[in-house]
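A.B. asks: how would this look folded up:
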Amino acid sequence: VHNVFTDRLNREVSQGNVAHNARKGLHDEWDMRLPPVTALATNKIRAHEWPGCITAHEGVQLVGSWMLNESFKLTDTKLHPPRLEGRYVDRRGTAVAISRCGGLAFVGHDDGS
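C.D. replies: Numbers count the residues shown, from 1 in each chain. Predicted structure coming up:
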């Protein structure tokens, strides 16, 4: 059974030119892709001005921000955990949220920070 209406709403978010960059470099395309999403938050209030989707990914510290316009692309703004006493601590983002106004993103880490 195939639902035409649901299929039209399905979208794939783009990680940019991963295949192109993999051909230029020494890395495999699958090694350059982000791991599966573990947490997702969206807000379309200001989606035309700045990213409206935040994702936390399995096993990495990086939290990605995505534009929700027609392109559905990963932005250059990638959220990294804050430094603790001048060095990075091994933290993973486990929960994400976006404020009601769409201007703030919140990231909860596995260590409670």
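
A.B. asks: helices of the protein, start to end?
C.D. replies: 4-9, 18-24, 29-32 (DSSP state H).

A.B. asks: pLDDT on the longest one, on average?
C.D. replies: Spelled out, it's helix 18-24. Mean per-residue pLDDT for helix 18-24: 69.

A.B. asks: all strands for the protein, in order.
C.D. replies: Along the chain, the stretches classed as strands by DSSP state E are 37-42, 53-57, 63-66, 74-79, 93-98, 105-109.

A.B. asks: so for D28, which of the ones you listed sits nearest?
C.D. replies: Nearest to D28 among the strands of the chain is strand 53-57; the distance by CB to CB comes to 17.8 Å. Just so you know, the C-beta spots here come from the backbone N, C-alpha and C atoms, and that holds for glycine as well.

A.B. asks: which residues does the closest one contact?
C.D. replies: 13, 34-42, 63-68, 79, 92-98, 105, 107 (CB atoms under 8 Å, 6 or more residues apart in numbering).

A.B. asks: if you set the cut-off to 10 Å instead, what comes out?
C.D. replies: Here strand 53-57 makes contact (CB atoms under 10 Å, 6 or more residues apart in numbering) with 13, 34-44, 47, 62-68, 72, 74-75, 79, 92-98, 105-110.
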